[in-house]
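Enquirer: need a 3D model of the sequence below.
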Amino acid sequence: MTPHGPLLQRVWVRFGLCIAATVVATMALLAGSVTLFSEMQYRDFYRGLPAPVQREMDDLRDRGEEDGPRAMEIYARYWQGDLLFGEKWSLVVGLVVCLPVGLVVGFWVSRIVTQPLASMAEVATHVAEGDFSVRAQPGRMHDEMSSTVRHFNQMIDSLERMAKERRATAASISHELRTPLAVLRARLHAICDGVIEADAAESRGLLDQVEYLGRLVGDLHTLSMAEAGQLSLETAPVDLVDLVREALAGHAQRIADHGLELALEVPADGGPVWALADPDRVRQILFNLVENALKHAASGRWLGVEVAVADGTALLTVSDAGQGLPQHMADGPFERFPHPAGRRGEGSGLGLSIVRALAERQQGKVRVESRPEGGTRFVVQLPRANVA
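Expert: Numbers count the residues shown, from 1 in each chain. Prediction:
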């Protein structure tokens with residue numbers, strides 16, 4: 001086995017074997033035609049010999065002297081015409097037969113090799129015009145070419161997914177911006193017309209809309225920078241136990257206001273759990289997961305946060321006892337703007353997308369799973385830090 005698969009599945013090996021087989025078959029056909037024509041010519045020559053000479057030739061052949069001096073004398077005396085006539089015609093006949101066979105085999109081999117390339121070229125033309133519905137055909141072989149076609153199709157899948165996300169994001173952003181802007185416009189017009197009074201309560205309502213717009217723009221900026229790999233990170237060994245305790249202390253009142261009981265679980269030995277991460281980004285991950293639980297799982301009245309170590313990674317787990325992920329989020333919990341079109345969520349709709357982007361930016365992972373007791377569990381994996 002090679003890094004790219006079995007040797008016989010390499011395109012250059014198969015191409016070479018096909019060419020070698022074609023050459024061998026052509027040479028065998030030429031040799032067979034020469035032998036056959038020579039044998040036919042010898043039989044005609046033998047039948048034209050006098051009976052005593054025929055018996056002498058048989059005797060010479062039995063003794064293995066058919067190419068000896070006496071045999072050459074007989075050939076020179078009784079052979080009629082050119083001695084190389086048979087060989088010449090046998091070569092002509094062989095070429096007449098072998099040339100079409102070689103051409104057919106050559107075209108067949110070249111068709112097998114170039115068919116995936118032709119398919120990729122045709123599909124690339126469609127993709128350049130914005131049509132992502134077509135895919136290249138790998139052909140019948142399983143070699144580097146089929147692997148290239150498979151990766152080419154995966155690239156088109158990614159481009160199609162990105163195009164869909166871009167259209168969906170543009171539509172969602174326009175919807176998310178339209179609602180608060182419409183509210184601000186209507187309320188400000190009413191204040192200017194003297195319909196409503198610009199008191200403290202009205203100002204707070206307008207300020208809420210402005211803050212929502214600020215959060216939306218900030219989340220979009222964070223997500224775009226993270227996905228572009230340009231988000232600034234200051235990674236260092238971080239004790240997740242201390243960090244989580246400190247962060248939850250700052251959110252304790254907000255969690256209590258939503259009526260949730262907070263349960264923090266740390267390693268039994270009370271020791272630190274060191275992770276190689278940016279502490280500010282870890283706090284942002286924890287904040288987004290907690291806010292997600294407050295918005296969607298407050299009915300469960302319980303919020304669990306756990307810090308642990310498993311399989312050489314540091315784990316940060318946020319669990320709730322709610323009703324689980326809504327149906328519209330179950331298939332893609334980390335997608336942007338997961339709430340249905342026309343329905344504005346309580347947040348920007350980017351919180352979980354930011355969680356995934358920040359985790360992956362720090363060489364980590366995040367997954368979501370259902371709890372057997374009910375509710376949802378988000379597990380963030382971060383690389384361990386070696387601290388003496």
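Enquirer: all contacts plus neighbour counts: C-alpha atoms, from now on.
Expert: Noted.
Enquirer: show the pLDDT at residue 239.
Expert: On pLDDT, residue 239 comes in at 94.
Enquirer: quick one: it from residue 246, how far?
Expert: Distance of residue 239 to residue 246, computed by Cα to Cα, to the nearest Å: 11 Å.
Enquirer: which of these two has more neighbours?
Expert: residue 239 (19 against 12; other Cα atoms under 10 Å).
Enquirer: assess the claim that the more buried one and residue 276 are in contact.
Expert: No - with contact defined as Cα atoms under 8 Å, residue 239 does not reach residue 276; the gap is 9.0 Å.
Enquirer: next, name the residue at the spatial heart of this structure.
Expert: residue 154 (4.8 Å; Cα atoms, centre = their mean).
Enquirer: show me what the helix or strand where it lies is packed up against.
Expert: In the assignment (DSSP states H and E), residue 154 maps to helix 144-192. In terms of contacts (3 or more Cα pairs under 8 Å, 6 or more residues apart in numbering; DSSP states H and E), helix 144-192 is packed against helix 85-128, helix 200-227.
Enquirer: comparing these, which yields the minimum mean pLDDT?
Expert: Among the helices and strands packed on helix 144-192, helix 85-128 scores lowest, at a mean of 77.
Enquirer: what inclination does that helix have with respect to helix 144-192?
Expert: Helix 85-128 runs at 10 degrees relative to helix 144-192, counting by axes from the mean of the first three to the mean of the last three Cα atoms, to 10 degrees.
Enquirer: so which other helices or strands are in contact with helix 85-128?
Expert: Helix 85-128 packs on helix 11-47, helix 144-192, going by 3+ Cα pairs under 8 Å, 6+ apart.
Enquirer: mean confidence (pLDDT) on the last one, please.
Expert: Summarised as a single mean, pLDDT over helix 144-192 is 82.
Enquirer: that's a strand at residue 66, yeah?
Expert: No - counting by DSSP: H, G, I helix; E, B strand; the rest coil, residue 66 is not found in a strand; it is coil.
Enquirer: please report how far it lies from residue 75.
Expert: Taken as Cα to Cα, the span from residue 66 to residue 75 is 10 Å.
Enquirer: need the overlap of contacts for those two.
Expert: Counting by Cα atoms under 8 Å, 6 or more residues apart in numbering, residue 66 and residue 75 have no contacts in common.
Enquirer: domain ranges for the chain?
Expert: 7-142, 166-227, 236-383 (automatic domain parsing).
Enquirer: isn't residue 219 right up against residue 350?
Expert: Yes - applying Cα under 8 Å as the test, residue 219 and residue 350 come out as touching, 6.5 Å apart.
Enquirer: before we move on, the earlier item: could you dump the helices and strands packed on helix 144-192 to CSV with mean neighbour count?
Expert: Below are these laid out as CSV (neighbours: other Cα atoms under 10 Å):
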stretch, mean neighbour count
helix 85-128, 15
helix 200-227, 16
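Enquirer: and these: which comes nearest residue 255?
Expert: Across those, the minimum distance to residue 255, taken as Cα to Cα, is reached by helix 200-227, at 19.9 Å.
Enquirer: just name whatever secondary elements that closest one is in contact with.
Expert: helix 144-192, helix 351-361.
Enquirer: need the winner for burial among those.
Expert: When those are scored by mean count of other Cα atoms under 10 Å, the highest mean neighbour count falls to helix 351-361 (a mean of 23).
Enquirer: touching the next helix or strand along the chain from that one from outside, list them.
Expert: Moving toward the C-terminus from helix 351-361, the next helix or strand (DSSP H and E) is strand 365-370. Contact with strand 365-370 is made by 324, 333, 355-356, 359-360, 376-382, as judged by Cα under 8 Å, 6+ apart.
Enquirer: try it again at 10 Å.
Expert: 315-321, 323-325, 330, 333-334, 352, 355-360, 375-383 (Cα atoms under 10 Å, 6 or more residues apart in numbering).
Enquirer: pull up the pairing partners for that strand, direction included.
Expert: strand 376-383 (antiparallel) (DSSP bridges).
Enquirer: before we move on, the earlier item: could you dump the helices and strands packed on helix 85-128 into TSV with distance to residue 56 added?
Expert: Shown next, in TSV, are the helices and strands packed on helix 85-128 (distance: least, Cα to Cα, whole Å):
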stretch	distance to residue 56
helix 11-47	11
helix 144-192	64
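Enquirer: ok, the residue nearest to the centre of the chain - contacts?
Expert: 135, 148, 160.
Enquirer: pLDDT weak spots in the stretch 251-388 of the chain?
Expert: Per-residue confidence for the stretch 251-388 of the chain (pLDDT under 70) gives these ranges: 326-331, 336-349, 388.
Enquirer: how about the strands of it, start to end?
Expert: 261-265, 274-277, 302-310, 313-320, 365-370, 376-383 (DSSP state E, counting those that start in this stretch).
Enquirer: which neighbouring elements make contact with the third one?
Expert: It refers to strand 302-310. Other elements packing on strand 302-310 under the criterion 3 or more Cα pairs under 10 Å, 6 or more residues apart in numbering; DSSP states H and E are helix 240-257, strand 261-265, strand 274-277, helix 279-296, strand 313-320, strand 376-383.
Enquirer: Serialize those to a markdown table and add fields for distance to residue 197.
Expert: Shown next, in a markdown table, are the helices and strands packed on strand 302-310 (distance: least, Cα to Cα, whole Å):
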| stretch | distance to residue 197 |
| --- | --- |
| helix 240-257 | 31 |
| strand 261-265 | 41 |
| strand 274-277 | 50 |
| helix 279-296 | 32 |
| strand 313-320 | 42 |
| strand 376-383 | 45 |
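Enquirer: of all the ones you listed, which one comes closest to residue 130?
Expert: With respect to residue 130, and counting by Cα to Cα, the nearest of the helices and strands packed on strand 302-310 is helix 279-296 at 35.9 Å.
Enquirer: buried set for that closest one?
Expert: 279, 281-294, 296 (16 or more other Cα atoms under 10 Å).
Enquirer: that helix packs against which elements?
Expert: Short answer (3+ Cα pairs under 10 Å, 6+ apart): helix 279-296 packs on strand 236-239, helix 240-257, strand 302-310, strand 313-320, helix 351-361, strand 376-383.
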